[in-house]
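A.B. asks: Provided below are the primary sequence and the corresponding predicted coordinates.
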Amino acid sequence: MTQRQVSTIYEMMDMPNVTGQDFVDLLRGVGAPDAEITIQSVAYEPPEDTSKKCDFIKVKLRGADGKSAGGGHPTMGLIGRLGAQQAQPNRIGLVSDADGSIVALAAALKLLEFNKAGGRLQGDVIITTHVATHVSITPHDPVDFMGMPVSSATMNAHEVDAEMDAILSVDTSKGNSIIKHRGIAISPTAKQGYILRVAPDLVRLMEYALGRPARTFPITTQDITPYDNGVYHFNSIMQPHVATKAPVVGLAITAASVVPGSDTGASYESELVDATLFAFEVTKQFTWNKIAFHDADEFQKLVGMYGDMTVLQTTPGS
């Protein structure tokens, strides 16, 4: 199970003076032999306070037959997507927006402990997220959004790795009127401007992991375009799509009512545990070549019939 790892990360993230280095120290302290854990701090970008720092964390776990070993098994990418963990000084403590990073870091902790105990995946795993505690709160309908310490493009530059062969992007998605259940849900697969079918392998794996019917949520063309292009976005969960050729699936943490990402006391342990367990199982199965995020032959057929859609990954005029 993953309850202990989730609780460990949650309690650390709720502390007022927490930094990315605190999580790096925790993860390095596991002593996993095949892991490389790095951190990079960058200044907040306007309109946020440029005197503050955003800490980007990357965990790379080398597989027995992964790319880092010259092997042929695929690399799994897990991204904890969010604005920030806290909104000091306007909020006290952890906000709901932190959920994506909790899941990413808890999954990293689980994988590192697994590796230290002798469990070796076949392919590599790259887990990324960031830590920020002082951001603004942005007006949004139906609920206010957390601000972002840096632009979505900067986040992608630090969190999307070219070695990732598939990406599971985890983000809290409670501040909407579209998904009306408390739990977790997956999106259709997005790849190079195409919105593909919901991956059957991921549906099956979610049902195995949770013991109940899988939940999905809709995405639109707007959601897979760059965040700053001026059109409506459900939230930023699909933004890694604009920076990669790899298939991307959103893993949303959801609620039965509309819950602002900018409020405290709105992170639910059971959903965080479910999301972490699912991410852990997806990582094991994908790096073992047992599941796929999309049908590669059908994708090439679509491109052959309808052409290249990567224009949707770009901002007009860029």
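C.D. replies: On my side now, so go ahead.
A.B. asks: Could you check how many residues crowd around residue 45?
C.D. replies: Counted with other CB atoms under 10 Å, the neighbours of residue 45 add up to 15. Every residue, glycine included, has its C-beta placed from N, CA and C.
A.B. asks: I'd assumed it was in a helix, is it?
C.D. replies: No: counting by DSSP: H, G, I helix; E, B strand; the rest coil, residue 45 is not part of a helix but coil.
A.B. asks: Look up how far residue 155 lies from it.
C.D. replies: Going from residue 45 to residue 155 by CB to CB, to the nearest Å gives 10 Å.
A.B. asks: same question, residue 23
C.D. replies: On the measure of CB to CB, residue 23 and residue 155 end up 17 Å apart.
A.B. asks: So, low pLDDT: which residues of this protein?
C.D. replies: 317-318 (pLDDT under 70).
A.B. asks: quick one: the helices in it?
C.D. replies: For the chain, the helices defined by DSSP state H cover 3-13, 20-29, 99-116, 152-159, 200-210, 269-287, 296-306.
A.B. asks: gap between the last one and the chain center?
C.D. replies: Here helix 296-306 is found 27 Å from its chain centre; the criterion is CA atoms, centre = their mean, to the nearest Å.
A.B. asks: Which residues does that helix contact?
C.D. replies: Outside of helix 296-306, the residues that reach it under the criterion CB atoms under 8 Å, 6 or more residues apart in numbering are 191, 192, 194, 196, 309.
A.B. asks: Can you give the contact residues for stretch 212-222?
C.D. replies: Contacts of stretch 212-222 (CB under 8 Å, 6+ apart): 173, 178-179, 181, 183-188, 190, 195, 198, 202-204, 206-207, 231-234, 238, 250, 252, 254, 312.
A.B. asks: still on that earlier bit, identify, out of the helices of the chain, the most deeply packed stretch.
C.D. replies: Mean neighbour count (mean count of other CB atoms under 10 Å) peaks for helix 99-116 among the helices of the chain, with a mean of 26.
A.B. asks: where's the nearest residue to residue 203 once chain neighbours are set aside relative to residue 129, distance?
C.D. replies: Excluding the flanking residues, the one nearest residue 203 by CB to CB, 6 or more residues apart in numbering is residue 214, at 4.5 Å. Relative to residue 129, residue 214 is positioned 24 Å away (criterion: CB to CB).
A.B. asks: Settle it for me: which of those two has more neighbours?
C.D. replies: Using other CB under 10 Å as the criterion, residue 214 and residue 129 rank with residue 129 on top: 29 against 20.
A.B. asks: Could you pull up the residues touching the more buried one?
C.D. replies: By CB under 8 Å, 6+ apart, residue 129 lies in contact with 56, 57, 79, 80, 81, 82, 100, 101, 104, 105, 159.
A.B. asks: quick one, what contacts the last one?
C.D. replies: When you say that, I think you mean residue 159. Going by CB under 8 Å, 6+ apart, residue 159 touches 56, 58, 79, 81, 128, 129, 130, 240.
A.B. asks: Would you mind checking those residues for buried ones?
C.D. replies: Buried by 16 or more other CB atoms under 10 Å: 56, 58, 79, 81, 128, 129, 130, 240, out of these.
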